[in-house]
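J.: Structural data only, the sequence is not supplied:
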């Protein structure tokens, strides 16, 4: 059974600013998350709600709504020294 991936407004805006080559990789990761949101380099955030998935230098921050089988992507950010 598939999961529904929902992009919050800020995540959609930041995804539009991702360079084309990297955007393809991030979109591919989002497609994979429809099958299994825990596959790949996924970690629980320490001290914060939610999880993150690493895609190269980019991070997909998301929360799981298990009852509805939804993945809510809250942000897509480039990894820098101030990301976390």
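T.: Okay, I see it. It should be emphasised that the depicted structure is a prediction, and the values quoted were computed from it without experimental measurement.
J.: Give me the contact list for the lengthiest helix in the chain.
T.: Longest helix in the chain by number of residues (criterion: DSSP state H): helix 20-35. Helix 20-35 is contacted from outside by 2-5, 7, 15, 18, 39-40, 53, 55-58, 60, 62, 71, 73, 76, using Cβ atoms under 8 Å, 6 or more residues apart in numbering. C-beta here means a position set from N, CA and C on the backbone, and glycine is covered the same way.
J.: same thing but 7 Å
T.: Residues outside helix 20-35 that contact it (Cβ atoms under 7 Å, 6 or more residues apart in numbering): 2-3, 5, 15, 18, 39-40, 53, 55-56, 58, 60, 71, 76.
J.: Ok, stretch 70-84 next?
T.: Defining contact as Cβ under 7 Å, 6+ apart, one finds that stretch 70-84 is touched by 3-8, 10-11, 14-15, 18, 26, 33, 37, 50, 57-65.
J.: Okay, and which of the contacts of helix 20-35 map to strands?
T.: Members of the contacts of helix 20-35 lying in strands (criterion: DSSP state E): 5, 53, 55, 58, 60, 71, 76.
J.: Return a PyMOL selection command for the buried portion of the residues you listed.
T.: The buried residues among those can be selected in PyMOL (16 or more other Cβ atoms under 10 Å) with this line:
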select buried, resi 5+53+55+58+60+71+76
